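[1] Output the structure for:
(one chain, ligands or ions: 1)
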Amino acid sequence: MRMTDFEIRRAIAADLPALAEIQQRSMRELASMSYETAQIAAFLEHGEAILSEIIEKANCWVAVAGPLVIGCAAWCRPGAISLSALPKRPTLPEAEIRSVHVRPGWTRRGVARRLLDRIEKDAAEASVLRLSLLSTLNGRAFYEALGFSATGEKKLKVDGLFMTGVAMTKQLEKSRSAA
Ligand SMILES: CC(C)(COP(=O)(O)OP(=O)(O)OC[C@H]1O[C@@H](n2cnc3c(N)ncnc32)[C@H](O)[C@@H]1OP(=O)(O)O)[C@@H](O)C(=O)NCCC(=O)NCCS
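    Next up is the predicted model:
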């Protein structure tokens with residue numbers, strides 16, 4: 001199998017252990033240049049519980065290469081999932097992007113780009129007009145490459161430790177099928 005062969009499908013409950021592993025490894029190995037070890041550990045303390053909530057209640061997508069899960073990304077309405085960084089009452093039909101992680105060793109092959117393409121289509125079909133998120137500092141260049149704009153830095157308090165993230169947003173085209 002070539003490293004570019006992968007598919008996008010909806011997450012299922014049985015994906016949880018693989019997604020938890022990818023989240024742990026992507027934060028420890030890919031986000032370690034932006035955060036202290038203690039900050040990453042505090043974030044990961046809640047990681048699996050939040051992923052479980054996301055698989056159950058959000059619109060969660062995974063990338064798979066054969067049997068191997070290599071990435072995930074989800075979207076949900078503001079406030080639907082714990083540790084949301086968005087106001088509960090947005091001014092526009094808005095959704096929040098959560099849990100974007102790619103398995104180390106599979107980065108820079110367009111995995112996250114394909115997941116976000118799927119999310120944008122999915123959200124537009126549900127009449128969402130704006131996607132927002134709190135990006136890790138290391139994730140900012142990725143979102144900018146996909147047309148998101150930074151609106152400022154924000155601090156998220158996790159177990160008494162502050163983690164700085166970048167608030168990012170993108171306006172969506174009105175979906176033809178939703179119009
Ligand atoms: C951020 C992350 C999801 C990107 O995943 P990815 O599959 O490697 O991203 P893609 O290959 O789809 O990248 C698409 C484009 O984004 C940009 N990009 C991606 N990663 C980048 C990086 N580390 N530095 C600069 N630009 C980057 C590039 O323009 C890239 O296109 P190119 O490879 O043709 O130059 C991945 O690095 C990751 O899991 N990081 C750790 C977890 C994290 O911080 N997630 C974000 C949470 S909000």
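[2] make it CA atoms for all contacts and neighbour counts henceforth
    Fine.
[3] ok now stretch 152-164, how far from the chain's centre?
    In terms of Cα atoms, centre = their mean, to the nearest Å, the centre of stretch 152-164 is set 17 Å apart from its chain centre.
[4] Quick one: end-to-end distance for it.
    Distance between the two ends of stretch 152-164: 10 Å, counting by Cα to Cα, to the nearest Å.
[5] before we move on, what about stretch 68-83?
    Calculated as Cα to Cα, the first-to-last residue distance of stretch 68-83 is 28 Å.
[6] Then stretch 38-58?
    Its first and final residues considered, stretch 38-58 spans 28 Å by Cα to Cα.
[7] could you point out which element follows the lowest-mean-pLDDT helix or strand in the chain?
    With mean pLDDT, DSSP states H and E as the measure, the helix or strand of the chain carrying the lowest mean pLDDT is strand 149-158 (a mean of 92). Beyond strand 149-158 on the C-terminal side, the first helix or strand identified by DSSP states H and E is strand 161-171.
[8] Can you name the residues of the protein sitting close to the ligand?
    For the chain, the residues in contact with the ligand (Cα under 6 Å from any ligand atom) are 26-27, 30-31, 100-102, 107-113, 135-136, 138-139, 141-142, 145.
[9] Provide a list of residues in contact with Ser52.
    Ser52 makes contact with Ala13, Leu16, according to Cα atoms under 8 Å, 6 or more residues apart in numbering.
[10] low-confidence ranges in the chain?
    Low-confidence segments of the chain (pLDDT under 70): 1-3, 90, 175-179.
[11] how about 80 then?
    Along the chain, segments meeting pLDDT under 80 span 1-4, 83-92, 174-179.
[12] which stretches of it form strands?
    Here the chain has its strands, by DSSP state E, at 7-10, 59-65, 68-76, 94-102, 130-135, 149-158, 161-171.
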